[in-house]
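> build me a model from this:
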Amino acid sequence: MEEIILVKVGEIVLKGLNRHTFEDVLLKNLRNRLSLAGRFQIKIAQSTIYIKPMEDNADMEQATEIVGKTFGIATFSRACVAQKDMDDIKAKTIDYLSEELEDVSTFKVEAKRADKRFPLTSPQICADLGGFISAKFPHLKVDVRNPQLTVTVEVRDFGAYVRGGVIHGAGGIPVGTGGKAVILISGGIDSPVAAYMMAKRGIELTAVHFASPPYTSERAEDKVYRLLETVSRYSGRLNMYTVPFTEIQEQIKEKCPEELFTIIMRRFMMNISQRIAQQKECAALITGESLGQVASQTIHAIACTDEACSMPVFRPLIGMDKDEIVVISRKIGTFDTSIEPFEDCCTVFTPKHPRTRPVLKYVKQAEEILDIDGMIDRAMGSLKLTKIGYGKKS
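A predicted model of the protein is given here:
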């Protein structure tokens, strides 16, 4: 039995004259990602994307998973292809949905007749097919308001399609339509969620991770890779730049007031991330900060941090509490990795009493003793690049 995936786009339909640009990017993203599952034909017509396997060994299960994690899609469903003939539609419905029909007690039929040449109207299709299903499955009752299963028939120019329930997609807009930005990624719960949320708004991500060996281990860096690999299932392929941060942290610890250590460290991170962003033609930075969550995330601390760079800084979690962030991390599959006990550089040399209301003038005075440009140049000269994609690392 021939099977396809029918995709309904979401927010894209609200776009104006540039709607086709968004659709083209979504189709490109689907083609790139679905190549991992086999060869598929992908086309769009009447706000519906048709994904058809072009070889017997195409993996429809993997394709379904990929479609479900592609931003720009509102809903989708797997459907069987029938001839534009009621007898064939009835036969295919029973063959394709028999297990689902056996497992429920109520159902209804919906029909969408895009091809007006089809001899039956939509209500006639519903009545004819509904009566046929009821005769084949006597235990079923029709419930047009709250059915356990909705059987949908779409009669379109390319053929007739029969499907059961729809699956909610990832929503958002296609990655690549919102510009490029750098995500400062740690091994915690927050920053992978921030990456996911900005990718959902069409941002193409480049990741920057700070490592401080021997205070941080290779296992901590591998943890970050695994987090990004999970995020990449939504965001698409991305590059991670690992910054050697040991010298900078040791110099701050040795020469700066302890209570300002975290603020000065984060100012270095923003400065370095901005330089990488400029090199990679990214227009903004992204962090996982949530207002008031820790000492470095107060209004005063964030103001001091932001002064170290001139780019816009997106903080998609800024108004969320930890429980809300954890819910999303569980949903996208990063939570269990995030809580693995491998420390990142943000926990190295943590002051006992960090300043929660730092004054920028005194922070900059404390930095004057440091060779800021020299340390940043050395760190930038030793960046390590890791390419991360859906199931691929290099």
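> hang on, S134 in a strand?
No. S134 sits outside any strand when classified using DSSP: H, G, I helix; E, B strand; the rest coil, being helix.
> what is the burial count for it?
Residues lying near S134 (other C-beta atoms under 10 Å) number 15. For glycine as for every other residue, the C-beta is placed from the backbone atoms N, C-alpha and C.
> my guess is it meets D128, correct?
No. Using C-beta atoms under 8 Å as the test, S134 is too far from D128 to be in contact (11.2 Å).
> for Y50, give its distance to I4.
6 Å (C-beta to C-beta, to the nearest Å).
> actually A127, sorry about that
On the measure of C-beta to C-beta, A127 and I4 end up 26 Å apart.
> again, but for A277
For A277, the distance to I4 (C-beta to C-beta) stands at 41 Å.
> how close does V81 get to A91?
V81 is 12 Å from A91, by C-beta to C-beta.
> which one's more surrounded, those two?
Set side by side, V81 and A91 show more neighbours around V81, with 18 against 15, by other C-beta under 10 Å.
> surely the more buried one is in a strand?
Yes. According to three-state DSSP, V81 belongs to a strand.
> what are the ranges of the strands in the stretch 251-394 of the chain?
284-286, 313-314, 384-389, 392-393 (DSSP state E, counting those that start in this stretch).
> in its sheet, what does the first one sit against?
It refers to strand 284-286. strand 180-184 (parallel), strand 313-314 (parallel) (DSSP bridges).
> pLDDT averaged over that strand - what is it?
Taken as a whole, strand 284-286 has an average pLDDT of 98.
> now that strand, how far from the centre of its chain.
16 Å (C-alpha atoms, centre = their mean, to the nearest Å).
> who touches it?
By C-beta atoms under 8 Å, 6 or more residues apart in numbering, the residues outside strand 284-286 that reach it are 179, 181-184, 194-195, 198, 203, 205, 270, 273-274, 277, 309, 311-316.
> mark which of the residues you listed are part of helices, please.
194-195, 198, 270, 273-274, 277 (DSSP state H).
> which members of those are classed as buried?
194-195, 198, 270, 273-274, 277 (16 or more other C-beta atoms under 10 Å).
> what about the helices in the stretch 251-394 of the chain?
In the stretch 251-394 of the chain, the helices defined using DSSP state H, counting those that start in this stretch lie at 261-279, 299-306, 322-332, 335-338, 360-367, 372-380.
> how about F245: what's its closest non-neighbour residue?
What sits nearest to F245 in space, not counting adjacent residues and going by C-beta to C-beta, 6 or more residues apart in numbering, is F210, at 4.2 Å.
> so whichever strand or helix holds the one you found versus helix 261-279, what angle?
For F210, the host element (DSSP states H and E) is strand 204-211. Interaxial angle, strand 204-211 versus helix 261-279 (axes from the mean of the first three to the mean of the last three C-alpha atoms, to 10 degrees): 140 degrees.
> in the next helix or strand after strand 204-211, what's buried?
Sequence-wise, the next helix or strand downstream of strand 204-211 (DSSP H and E) is helix 218-235. By neighbour count with 16+ other C-beta under 10 Å, helix 218-235 contains the buried residues 220-221, 223-235.
> give the contact list for the nearest residue to L285 once chain neighbours are set aside.
Leaving aside its chain neighbours, L285 sits nearest to V313 (4.8 Å; criterion: C-beta to C-beta, 6+ apart). Residues in contact with V313 (C-beta under 8 Å, 6+ apart) are 270, 284-287, 306.
> farthest-separated two in the residues you listed?
Of all pairs drawn from the contacts of V313, the greatest distance, 13.0 Å, lies between I286 and D306 (C-beta to C-beta).
> tell me which of the two has more neighbours.
Neighbour totals were compared for I286 and D306, and I286 leads with 30 against 18 (other C-beta under 10 Å).
> that one and Y196: what is the separation?
I286 is 11 Å from Y196, by C-beta to C-beta.
> next one: T356
29 Å.
> which residue is nearest the centroid of this protein?
Centroid-nearest residue in the chain, with C-alpha atoms, centre = their mean: Y234, separated by 3.3 Å.
> residues near the nearest residue to it once chain neighbours are set aside, how many?
Among residues not flanking Y234 along the chain, K69 sits closest, at 5.0 Å (C-beta to C-beta, 6+ apart). As a burial measure, K69 scores 19 neighbours (other C-beta under 10 Å).
> for K69, what are its contacts?
Contacts of K69 (C-beta under 8 Å, 6+ apart): 170, 233-234.
> do the same with V67
5, 7, 30, 34, 51, 73, 76, 169.
> how near is the closest residue to the third one other than its chain neighbours to M60?
It stands for L30. Counting by C-beta to C-beta, 6+ apart, L30 lies nearest to I42, which is 5.5 Å off, once chain neighbours are set aside. Distance from I42 to M60, counting by C-beta to C-beta: 14 Å.
> what of F40?
In terms of C-beta to C-beta, F40 sits 10 Å off from M60.
> ok, K112 next?
23 Å.
> same question, F118
27 Å.
> taking the buried residues of helix 218-235 together, which two end up most distant?
By the measure C-beta to C-beta, A220 and Y234 form the most distant pair in the buried residues of helix 218-235, at 23.0 Å.
> surely A63 and I4 touch.
No. Between A63 and I4 no contact is recorded; they are 10.0 Å apart, counting by C-beta under 8 Å.
> looking at the ones in helices among the contacts of strand 284-286, which is nearest V13?
Nearest to V13 among the ones in helices among the contacts of strand 284-286, counting by C-beta to C-beta, is M198 at 22.0 Å.
> show me what the nearest residue to that closest one once chain neighbours are set aside is bridged to.
Sequence neighbours aside, I286 is the residue nearest to M198 in space, at 5.1 Å (criterion: C-beta to C-beta, 6+ apart). The partner list for I286 in beta bridges (DSSP bridges) reads I183, F314.
> all strands of the stretch 51-200 of the chain, in order?
In the stretch 51-200 of the chain, the strands defined using DSSP E, counting those that start in this stretch lie at 73-82, 106-113, 141-142, 149-156, 159-163, 167-171, 180-184.
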